[in-house]
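Colleague: Let's see this in three dimensions:
(chains A, B and C)
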Amino acid sequence: MMLSTRDIVSIALFAALTAALGLFPPLTLPATGVPVTAQSMGVMLAGALIGARRGGLALLLFAVLVAIGLPLLAGGRGGIGIYFGPTAGFVLSWPIAAYVTGWLFDKHRGQPHPAISALYLIIGGIGIVYVIGWAWLAVMNGWDIAKTFTAALPFIPGDLVKVALTVVIARGVKKAIPNL
Amino acid sequence: MFELYRPGSSFLHGMRPGAKLLALAGCGTAIFLLPGLPAICAVLLAVLGIYAATGLGLAAAWAQLRPVLVIFAILFAAQVWISGWLTGAFFIARFAALLMLAGLLTLTTRVSDMVAAMERGFQVLRPIGLNPSKISLALALALRFIPVLAQITGEVREAQKVRGLDRSIIAIAIPVIVRTLRMSDAIADAIEARGYNPDRP
Amino acid sequence: MTTAGTAIRFDSVSHAFGEKPVLRDISLTLAERRIAIVGANGSGKSTFARMINGLLLPDQGRVTVAGLDTARDGKAVRQRVGFVFQNPDNQIVFPIVEEDIAFGMKNLRLKKPEIETKTDEMLRRYGLEGHRSHPAHLLSGGQKQLLAISGVLVMEPDVIVFDEPTTLLDLRNKIRVAEAIEALGQTAIVVTHDLDLVADFDRAIVFDDGRILADDAPSPAPKRYVEAMSGV
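Modeller: This is a model prediction of the structure:
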């Protein structure tokens, strides 16, 4: 597993950052007025900034922290009950999504063009999260999968905005700290 | 420390976290296997009874459901549209029972006791290559720094307020993340200066 | 606990960060009980300090502590040399005060009863007993530094290096930490801008651009530092 002390610190800090993102002001979508939380950006940022292994572990650590009773999900939610509820699949998808996102960025040599970054984030941050999150919901409720994914569509614009924000934020952070 | 735990002296408060987790897993599975609405309603009443008996109170039970009421409403509506009223009520009741049951664990178990129980559990996983000391350190660091980051977030928001940017996620996120990550080297140095060796079990 | 007997030797130590030389052929022996390291930012003083406990290894030359080479015997060196950093927040690792004090002792594999005794002792010494099960986050800057010092002291080092321990503190907390340093039984090597903090020290070494500008008792040496700084 060969994680250095520095790796462990990065993992813990990103888990804490994902928690802190729950405290950010919600983003209000211009067209619909629907508030969207910044927290799921922690998944994409972890993958983009510290790579697959550390990013995945950071979100796994976050999921564990929520499970043991800390109110870290946006809105002050937490506890093992989260994993029995409707958002379970989404939170459980986060470590995998961070890993996949990180894997894409790790494989890419150098700094990807913003459009490529966005693509990676869409695959990891939307693709993986939606597939696991919504499928979980469908299974839990005994719904037809196809109908469920149709229901997921209205959420995509909000998540695309998050992808765009993450691209900008990641670039900004990498500029300030070239070597993570 | 900020956590969802509520102090008390009920039989649940005294139970070991590992035992509670197993009990929850068992009961949760059982609830899933229940066939109909009447059975679920009986379970719901039983769970509410436990909330009352342990002194947590029915308000605490309600608090487990309040955050997801909107989602419940949507799920209920979707279920009614797809399969009808009874199915809708069944699914919602089941969800509610599970959430409230799980809440019993969270409300009666201190975070530090959960961490200690987990650490005991990790020792078992040592043979498969898991390093419990790294896990403990990561957990401790995360717990240690969550309030620090919350504070940094507050400070950055204040600073950005002056420029009218306190509602901008980008204007807050970049400084918060940069300040946080800049701490990494110093923290790692401090950990190693105090004799921590990551490669020793 | 031996103190003045732990000699620290730098033999022709040079170091660079990338292209930039940070230490230029430094050779000296540190054996005094209270040593001040002063210099402008970028003078090499912090790099020098980090080599004493092996946090940094020199590109050239070597550093030994009581005969132990920091490159080969890092672990043993770190048992003898404690380090207190500038920012109180970044060196407190555990969320609860008493847990953090115990961290170093756990790394040394001390037994639980001993850990508890030493923790109690430290909490009492620095007036932190009332905070023992509080989140470290709630302590003041000065209390955090005292907590950091506690966490280092419980490992019973022979030498403690302080890297600008009071720079980020307000005056009252500066005084508290200064008093704590003064009261230490072991050797203290303090990197600082605060000349008052080190006025009574046995020796002051002034760094400038990777070299030693002056090395003397605290009265003449810092004066030369001040002169040098005014000239810049």
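
Colleague: Okay, buried residues for the helix or strand encompassing B:Val176 please.
Modeller: Assigned by DSSP states H and E, B:Val176 belongs to helix B:169-182. Within helix B:169-182, the residues that count as buried by 16 or more other CB atoms under 10 Å in any protein chain shown are B:169, B:171-181. To be clear about C-beta, it is placed using only N, CA and C from the backbone, and glycine gets the same treatment.

Colleague: I'd like those residues laid out as CSV, including pLDDT and distance to chain C.
Modeller: As requested, the buried residues of helix B:169-182 are exported to CSV (pLDDT from 0 to 100; distance: CB to the nearest CB, whole Å):
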residue, pLDDT, distance to chain C
B:Ile169, 88, 25
B:Ala171, 92, 23
B:Ile172, 92, 20
B:Ala173, 93, 20
B:Ile174, 95, 20
B:Pro175, 95, 16
B:Val176, 94, 15
B:Ile177, 95, 16
B:Val178, 96, 15
B:Arg179, 95, 11
B:Thr180, 94, 11
B:Leu181, 94, 12
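
Colleague: Quick check: can you list the domain ranges of chain B?
Modeller: When chain B is parsed with automatic domain parsing, its domains come out as B:11-113, B:131-193.

Colleague: Going by neighbour count, which residues of the worst-scoring helix or strand of chain B on mean pLDDT are buried?
Modeller: Least confident helix or strand, chain B: helix B:69-83 with a mean of 81, by mean pLDDT, DSSP states H and E. For helix B:69-83, a neighbour-count test (16+ other CB under 10 Å) marks B:72, B:75-76, B:78-80 as buried.

Colleague: Also near chain A: which of these, exactly?
Modeller: B:72, B:75, B:78-79 (CB under 8 Å from any CB of the partner chain).

Colleague: So which residue is smack in the middle of chain A?
Modeller: The centre of chain A sits closest to A:Val43, judged by CA atoms, centre = their mean, with a distance of 2.4 Å.

Colleague: Can you read off the pLDDT for that residue?
Modeller: A:Val43 is assigned 96 on the pLDDT scale.

Colleague: same check, this time on A:Asp7
Modeller: If you check A:Asp7, the pLDDT there is 95.

Colleague: my read is it is in a strand, agree?
Modeller: No. According to DSSP: H, G, I helix; E, B strand; the rest coil, the state of A:Asp7 is helix, so it is not within a strand.

Colleague: from memory it sits against A:Gly51, does it?
Modeller: No. Using CB atoms under 8 Å, A:Asp7 is not in contact with A:Gly51; the gap is 9.7 Å.

Colleague: re earlier: need the contact list for the residue nearest to the centre of chain A.
Modeller: For A:Val43, the contacting residues are A:18, A:59, A:94, A:97-98, A:101, A:124-125, A:129, by CB atoms under 8 Å, 6 or more residues apart in numbering or on different chains.

Colleague: circling back to that earlier point, run the chain-centre distance for the very next helix or strand once past the helix holding B:Val176.
Modeller: Per DSSP H and E, the first helix or strand lying C-terminal to helix B:169-182 is helix B:184-193. Its chain's C-alpha centre and that of helix B:184-193 lie 29 Å apart, by CA atoms, centre = their mean, to the nearest Å.

Colleague: Helix B:184-193 near chain C anywhere?
Modeller: Yes. If you take CB under 8 Å from any CB as the test, helix B:184-193 does meet chain C, through B:186-187, B:189-193.

Colleague: which of these come close to chain A?
Modeller: With respect to chain A, and counting by CB under 8 Å from any CB, the subset of the residues of helix B:184-193 next to chain C in contact is B:187, B:191-192.

Colleague: just the strands in chain A please.
Modeller: Assigned by DSSP state E, the strands in chain A fall at A:27-28, A:35-36.

Colleague: swap that for chain C, sorry
Modeller: C:8-17, C:20-30, C:34-39, C:60-65, C:68-69, C:81-84, C:159-163, C:187-191, C:203-208, C:211-216.

Colleague: Going by neighbour count, which residues in the second one are buried?
Modeller: Of the residues in strand C:20-30, those buried by neighbour count under the rule 16+ other CB under 10 Å are C:21-23, C:26, C:30.

Colleague: quick revisit: any idea which of the domains of chain B scores lowest on pLDDT?
Modeller: domain B:11-113 (a mean of 89).

Colleague: ok, and what's touching stretch A:109-124?
Modeller: When contacts are defined by CB under 8 Å, 6+ apart, stretch A:109-124 is touched by residues A:43-44, A:47-48, A:97-98, A:100-102, A:104-105, A:108, A:160, A:163-164, A:166-167, A:170-171, A:174.

Colleague: if I look at C:Phe83, how far off is A:Tyr99?
Modeller: As defined by CB to CB, to the nearest Å, C:Phe83 lies at a distance of 35 Å from A:Tyr99.

Colleague: same thing with C:Ala7?
Modeller: In terms of CB to CB, C:Ala7 sits 50 Å off from A:Tyr99.

Colleague: What parts of chain C come near chain B?
Modeller: C:50, C:53, C:55, C:75, C:78-79, C:82-83, C:85, C:87, C:89-96, C:99, C:103-104, C:107-108, C:135-137, C:148, C:151-152, C:155.

Colleague: For burial, what's the neighbour tally of C:Leu110?
Modeller: C:Leu110: 18 surrounding residues under other CB atoms under 10 Å in any protein chain shown.

Colleague: From the contact counts, what lies against the longest helix that chain B contains?
Modeller: What stands out as the longest helix in chain B, according to DSSP state H, is helix B:132-162. In terms of contacts (3 or more CB pairs under 8 Å, 6 or more residues apart in numbering or on different chains; DSSP states H and E), helix B:132-162 is packed against helix A:5-21, helix A:41-67, helix B:111-125, helix B:169-182.

Colleague: Where in chain C is the helix or strand with the lowest mean pLDDT?
Modeller: The weakest-scoring helix or strand in chain C, judged by mean pLDDT, DSSP H and E, is helix C:220-231 (a mean of 63).

Colleague: Next, count neighbours for A:Ala38.
Modeller: Applying other CB under 10 Å, we find 24 other residues in the vicinity of A:Ala38.

Colleague: Excluding sequence neighbours, find me the nearest residue to it.
Modeller: Ranked by CB to CB, 6 or more residues apart in numbering or on different chains and with sequence neighbours excluded, the top spatial neighbour of A:Ala38 is A:Phe24, at 4.0 Å.

Colleague: That neighbour is in contact with B:Val156, isn't it?
Modeller: No. Using CB under 8 Å, A:Phe24 makes no contact with B:Val156, being 10.1 Å away.

Colleague: shared neighbours of these two, which are they?
Modeller: With CB under 8 Å, 6+ apart applied, the overlap between the contact sets of A:Phe24 and B:Val156 consists of B:Ile172.

Colleague: what sits against the closest residue to C:His134 other than its chain neighbours?
Modeller: Leaving aside its sequence neighbours, C:His134 sits nearest to C:Val97 (CB to CB, 6+ apart; 5.6 Å). Counting by CB under 8 Å, 6+ apart, C:Val97 makes contact with C:123, C:128, C:131-136, C:139, C:147.

Colleague: Quick check: end-to-end length of stretch A:64-81?
Modeller: 12 Å (CA to CA, to the nearest Å).

Colleague: Can you list the buried residues in it?
Modeller: Judged by neighbour count using 16+ other CB under 10 Å, the buried positions of stretch A:64-81 are A:64-74, A:77-81.

Colleague: Over to stretch A:128-148?
Modeller: Neighbour-count burial for stretch A:128-148 flags A:128-138, A:140-141, A:143, A:148 (criterion: 16+ other CB under 10 Å).

Colleague: same thing with stretch B:35-52?
Modeller: For stretch B:35-52, the neighbour count (16+ other CB under 10 Å) marks B:39-40, B:43-44, B:47-48, B:50-51 as buried.

Colleague: what distance separates it from the centre of its chain?
Modeller: 23 Å.

Colleague: do the same with stretch A:104-119
Modeller: Here stretch A:104-119 is found 17 Å from its chain centre; the criterion is CA atoms, centre = their mean.

Colleague: can you check stretch A:62-75 too?
Modeller: Offset of stretch A:62-75 from its chain centre (CA atoms, centre = their mean): 14 Å.
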